[in-house]
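> With the input below, show me the fold.
(3 chains)
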Amino acid sequence: MSYSFNNELPIYLQLIDIYKQKFVREELSDGDQLPSVRDVALLYGVNPNTVQKAFSELDRDGFTKSERTTGRFVTLTQERRRALQEEMAKQYLEDFLEKMRALGIEKKDIHRMIGGQQHEQTD
Amino acid sequence: MNKLIELTNVSKSYGSARGVLDLSFQIEEGQITGLLGPNGCGKTTLIKLIMGLLQPDKGEILLDGRAPRESLHLVSYLPEKTYLWESITMREAFEIFRNFYPDFSEEKARHILTEFQIEEEAPLRNMSKGMQEKAQLSLVMGRECLLYILDEPMGGVDPLSRETILREILQNYHPGSAMLLSTHLVSEVESIFERVLFMDEGRILKDIDVEKVRQEENMSIDAYFRKIYKNKEVRHVG
Amino acid sequence: MLAKLIALDLRFYRKMLWKPLLICLMVLIGSIAAASNTSFPDKTFAGLGFVVGTLTILVAIGFIVFTMVAHYYRHFYSAQGYLTHTLPATPSQRLWAKLISGFFLHLISLFIIFFGLYLLTRASLGPFYSQLRATSIVQTVLDYLGWPAVFLIVGLMLFAYPSFFAAYSLSISLGLNKRLQRFGGGGIAIVIVGQYLFNMFINFVSSKIPLSLRIYLNPRWYKMIQLVTERPVDSVGGMMEGGVMIPASAYVDIGFVAFMFSFVFIVISFLLVHRELKRINLR
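Residues are numbered from 1 along each chain as shown, chains lettered A, B, ... in the order given. Prediction:
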């Protein structure tokens, strides 16, 4: 079990997030088959019904489609993928900004820190 | 939904000490349920009652709709104690289980034994307590049946093996089966539970949906455990 | 299922007994060899061999009896009980398996006793054995007994087992039942004493009632056992003629009540033990 979940938040939400990331990163593209609920449960060490719940929601939101006999497949156009990428980026940004605010750091300082971070990354 | 375990107003006392009091609940197929509580709260008593090793003073216990005695073939049970004897080797144990349980898969049990690096030919007396527990677990998880009842499956076991045990538990799961695990190592195990029963002084304190608690209380089940027992002002043991 | 349970018990018996019995066998062989050594002038070797051999047989039987009883307890009431009582069998099957598997041990012990004693006796008598066969002492003994008597004795020996099983299974299972569990192991002692007292009571009652089973020691098939309306008397009775007892008339009386009770006890004990196994409370 390589992944360590945050037990303070619903695991199914975290699973949804993991798979959305996979979609955005194109680890799983349109038409790819998702592993079975059972395999995912084993891989992450979580309750299979929790996985089922996560996958059902992905189905419901239209990211995946479950064929009764063949399995679950990704249904994601490039357009939709970009929209998802933006949506998730926005969410992460909001979370980040909230954390910064909690530390008392202002927006201009954030810009400066990002600039400095970029320099470090190019080194 | 098939009710695999059904308890109705079950009470059991040991002389003056109270074992369990007026317990009622059901376990349906497809559920992995945790049984949590401090030492002495009645978890083991409850499990022994379900297995027919104790007789209730009051109330009714049904396993798959029948008396426990009649449904034993449906259950794979891991007790708190080692029920194997000193001289036995796991090869012999496999032979005995193969004999008595048609649903016992020797390859599966052997595979688990190998994962734990336990030798099939070694007698039990040559094994440490932790190894003995793991060996016994290989027997229990080697069976392919409807109901698994595990009493402290990770009691004296090292962290790496605990992961293996969790994996084996999930391996054995299928939608028609159900699992009941009692444990006090909450944080490591909570990700596999769908439902948790908190016990205290012979009663069920709370019967919760795990993800719901995470959502509503914003805390892990481990933290939630501490919270509700603190509120009960129960003396913590370890 | 019953066969599987019996096989499981036999597996245990084999594990517990093969070493002790093997040692006893070797000592016994040594004793027989010693017993046949009649060359020493005062035959000390032979005598010693006979005594040691007999003791060895007793020890072997002791191991067997211990194994029977200890296994019964361990299987049902120790940590092993967590396996026993959760195996997919009925309490009835578990109990029958104990009874039947123990009977195998009983047959083995009978074999050990008779064959062992036979070999020992033959060895220690040495060349006298064939002489003894021809003497009148043996003839006289055979006059008192006959084939019917042999059957009677065999019957008694076989009956001894279920009787013994009834006694120890009741002592253990009833002694550890819900109500007596508070005394721990003391409950077993209570049941043992209770059985003893009850037995004495039955014997007392039986001796007062003028109804006895008369068993002839030199029985003919038509006159092996008779029901007589006399009170049972301990000593052997029979008709006398000229100061010597007529072989054909020698008999022993057993109180009829006591006799019936020994059968009834087996049945009652079985029912009680079965009930206790159904409502097991394993601590």
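> Taking the stretch 101-250 of chain C, what residue is nearest to chain A?
Closest residue of the stretch 101-250 of chain C to chain A, CB to the nearest CB: C:Lys178 (39.1 Å). For the C-beta atoms, the positions are set from N, CA and C on the backbone; glycine is no exception.
> residues in contact with that residue?
B:55, C:279, C:281 (CB atoms under 8 Å, 6 or more residues apart in numbering or on different chains).
> Please convert the residues you listed to a markdown table, extending it with neighbour count, pLDDT and distance to C:Ser109.
As requested, the contacts of C:Lys178 are exported to a markdown table (neighbours: other CB atoms under 10 Å in any protein chain shown; pLDDT from 0 to 100; distance: CB to CB, whole Å):
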| residue | neighbour count | pLDDT | distance to C:Ser109 |
| --- | --- | --- | --- |
| B:Gln55 | 15 | 93 | 36 |
| C:Arg279 | 13 | 92 | 32 |
| C:Asn281 | 16 | 90 | 33 |
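> Assign the residue positioned nearest the centre of chain B to helix, strand or coil.
Chain B has B:Leu150 as the residue nearest its centroid, 2.0 Å off, counting by CA atoms, centre = their mean. At B:Leu150, secondary structure determined by DSSP: H, G, I helix; E, B strand; the rest coil is strand.
> what's the pLDDT at it?
At B:Leu150 the predicted local confidence, pLDDT, stands at 96.
> What residue spans form the domains of chain A?
Using automatic domain parsing, the domains assigned to chain A come out as A:11-76, A:79-122.
> need the contacts of C:Lys178 in a markdown table with secondary structure, can you?
A markdown table is the format used below for these (three-state DSSP):
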| residue | secondary structure |
| --- | --- |
| B:Gln55 | coil |
| C:Arg279 | coil |
| C:Asn281 | coil |
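> can I assume B:Leu181 is in contact with B:Ile27?
No - at 11.4 Å, B:Leu181 does not count as touching B:Ile27 under the criterion of CB atoms under 8 Å.
> Could I get the contacting residues of the closest residue in space to C:Gly53 that isn't next to it in sequence?
Spatial nearest neighbour of C:Gly53, excluding adjacent residues (CB to CB, 6 or more residues apart in numbering or on different chains): C:Ser31 at 3.3 Å. Contacts of C:Ser31 were listed using CB under 8 Å, 6+ apart, and they are C:49-50, C:52-53, C:56, C:120.
> Pull the number of nearby residues for A:Asp109.
For A:Asp109, the neighbour count with other CB atoms under 10 Å in any protein chain shown is 12.
> Return the backbone torsion pair for the nearest residue to B:Gln31 once chain neighbours are set aside.
Of all residues not flanking B:Gln31 in the chain, B:Ala178 sits nearest, at 5.1 Å (CB to CB, 6+ apart). In terms of degrees, to the nearest 10, the main-chain angles of B:Ala178 are phi -140, psi 150.
> out of the contacts of C:Ser31, who's nearest B:Arg162?
Taking CB to CB as the measure, B:Arg162 lies nearest C:Thr56 of those, at 52.9 Å.
> Would you mind naming what in the stretch 51-200 of chain C lies close to chain B?
C:79-83, C:85-88, C:90-91, C:178, C:182 (CB under 8 Å from any CB of the partner chain).
> Just the buried subset of those residues, written out for PyMOL, thanks.
Buried residues within these, by 16 or more other CB atoms under 10 Å in any protein chain shown, are selected in PyMOL with:
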select buried, chain C and resi 80+81+82+83+85+86+87+88+90+91
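> can you list the residues of chain A near chain B?
So far as CB under 8 Å from any CB goes, chain A lies against chain B at A:1, A:5, A:7-12, A:38, A:41-42, A:44-50, A:53.
> Please list which of these are also close to chain C.
Applying CB under 8 Å from any CB to those, none is adjacent to chain C.
> where do the helices sit along chain C?
C:2-35, C:44-77, C:81-84, C:91-125, C:128-134, C:136-144, C:147-175, C:186-208, C:256-278 (DSSP state H).
> Out of the ones you listed, which is the most enclosed?
Comparing the helices of chain C by mean neighbour count (mean count of other CB atoms under 10 Å in any protein chain shown), helix C:81-84 comes out on top with a mean of 21.
> on that earlier part again, which of the residues of chain A next to chain B are buried, as a PyMOL select command?
Applying 16+ other CB under 10 Å to the residues of chain A next to chain B leaves a buried subset, and the PyMOL line that selects it is:
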select buried, chain A and resi 5+7+9+10+11+12+38+41+42+44+45+46+47+48+49+50+53
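> Looking at the residues of chain A next to chain B, which are in helices?
Among those, DSSP H puts A:11-12, A:38, A:41-42, A:44, A:48-50, A:53 in helices.
> what would the residues you listed look like in CSV with pLDDT and distance to C:Leu158?
Converted to CSV, those look like this (pLDDT from 0 to 100; distance: CB to CB, whole Å):
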residue, pLDDT, distance to C:Leu158
A:Ile11, 94, 67
A:Tyr12, 95, 69
A:Arg38, 91, 59
A:Ala41, 93, 60
A:Leu42, 92, 59
A:Tyr44, 92, 65
A:Pro48, 94, 59
A:Asn49, 94, 61
A:Thr50, 94, 64
A:Lys53, 95, 67
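> now, which of the residues you listed sits nearest B:Val75?
A:Pro48 (20.2 Å).
> Thought A:Asp39 was touching the closest one, still the case?
No - contact criterion CB under 8 Å: A:Pro48 and A:Asp39 do not qualify, at 9.8 Å.
> Phi first, then psi, for the residue of the stretch 1-150 of chain C found nearest chain A.
The stretch 1-150 of chain C approaches chain A most closely through C:Thr86 (26.4 Å), counting by CB to the nearest CB. Main-chain dihedrals, C:Thr86, degrees, to the nearest 10: phi -110, psi 0.
> Please determine how far it is located from B:Gln26.
Distance, C:Thr86 to B:Gln26, using CB to CB, to the nearest Å: 21 Å.
> Secondary structure class of B:Val196, three-state.
Strictly by three-state DSSP, B:Val196 counts as strand.
> Now do the contacts for it.
Here B:Val196 is in contact with B:33-36, B:190, B:206-208, B:210, B:221 (CB under 8 Å, 6+ apart).
> Identify those among the residues you listed that sit within helices.
B:210, B:221.
> Can you tell me how far B:Ser161 is from chain C?
22 Å (CB to the nearest CB, to the nearest Å).
> That residue - how many residues pack around it?
Neighbours of B:Ser161 (other CB under 10 Å): 19.
> Pretty sure it sits against B:Phe116.
Yes - applying CB under 8 Å as the test, B:Ser161 and B:Phe116 come out as touching, 6.3 Å apart.
> okay, and the common contacts of the two?
B:Lys134.
> Excluding covalently adjacent residues, which one is nearest to the residue of chain B found nearest chain A?
Nearest residue of chain B to chain A, counting by CB to the nearest CB: B:Ser220, 3.4 Å away. Of all residues beyond its chain neighbours, the one nearest B:Ser220 is A:Asn7 (3.4 Å), with distances taken as CB to CB, 6+ apart.
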